[in-house]
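Q: with the sequence up front, the predicted model follows.
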Amino acid sequence: MVYSVLITGANRGIGLEFVRQYAHKKYKVFATYLPGGDTHELEELAQNYPNIKRIPMDITQENNIAQVAQQLINEKIDILINNAGIFGSDQDLEHITADTMIAVFTVNAIGPLLVTKHFMNHVASSSLKTLVAISSRRGSISYILSTGKELESTFAYSAGKAALNIIMSKIALETHDGGVKTLLFHPGHVKTAMGGPNAEIEVNTSVSGMINVIEKSASKTISSLKQFFYNYDGTPMSW
């Protein structure tokens, strides 16, 4: 059986690596990216893997998401990975603005909600029925309080990821009885454009770890509503 995966933010960083690894595993890969973004690496990858379909989709525009979902109306999406995200700048208490908060929330929390909304039928009708969202330990209140003042101020990013956790938890509750499995991940501090060159782990390590957890989840009839937030290596994360 050929499974399918749809990945947002698929033209760079963690998203691009998800595309690479799932394409290598022979999945049918729907790689979505922000129109106008740099797609050079994604295009090169698609030349080597005919099972990659590149799709421009702006997750901040619901009409655009709905149009893409309609284009793929006959496709079953076994795994939906809400990966697209931004970090934002100037997020300490002195410099944070409403515009920064709104911009980060729109991409990191509202975007995944709308993508999930419009692709839920595609996922629910598939074999694996798996929803994935890339969150962060910075969205964990337990982590923030335990780390204290040593953690740099990231009001928008942390609050946006916490909102994403709440949104995906609500979606998990609503779709659980239908057999849909939900997984949230802290991908680790990854060496990407966002994570920087001094990050702790390579992107292939992060993504291969998350895929391993996803595959283990696929073997289960249903996921647990008590624990579905994990580190990339499968270690449970606290909320």
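A: Received, thanks.
Q: so I55: helix, strand or coil?
A: On the three-state scheme (DSSP: H, G, I helix; E, B strand; the rest coil), I55 is labelled strand.
Q: just the one 4 residues further on next, same as before
A: Under the three-state scheme (three-state DSSP), the conformation of I59 reads as coil.
Q: longest helix of the chain?
A: Counting residues, the longest helix found in the chain (DSSP state H) is helix 155-175.
Q: could you give the angle of the next helix or strand after that one to helix 155-175?
A: Next helix or strand after helix 155-175 toward the C-terminus (DSSP states H and E): strand 181-186. Strand 181-186 and helix 155-175 are oriented at 160 degrees to each other (axes from the mean of the first three to the mean of the last three CA atoms, to 10 degrees).
Q: adjacent strands (with direction) for strand 181-186?
A: In the sheet containing strand 181-186, the strands it pairs with under DSSP bridges are strand 130-134 (parallel), strand 229-231 (parallel).
Q: what does it rub up against?
A: Residues outside strand 181-186 that contact it (CB atoms under 8 Å, 6 or more residues apart in numbering) are 128-137, 140, 164-165, 168-169, 171-172, 175-176, 210, 213-214, 217-218, 220, 222-223, 228-232, 237. Any C-beta I mention is one placed from the backbone N, CA and C, and that applies to glycine too.
Q: now do stretch 90-100
A: 88-89, 152-157.
Q: is it fair to say T32 lies in a strand?
A: Yes. Secondary structure assignment (three-state DSSP) places T32 inside a strand.
Q: just checking, it touches Q67?
A: No. T32 is beyond contact range of Q67, at 11.8 Å (criterion: CB atoms under 8 Å).
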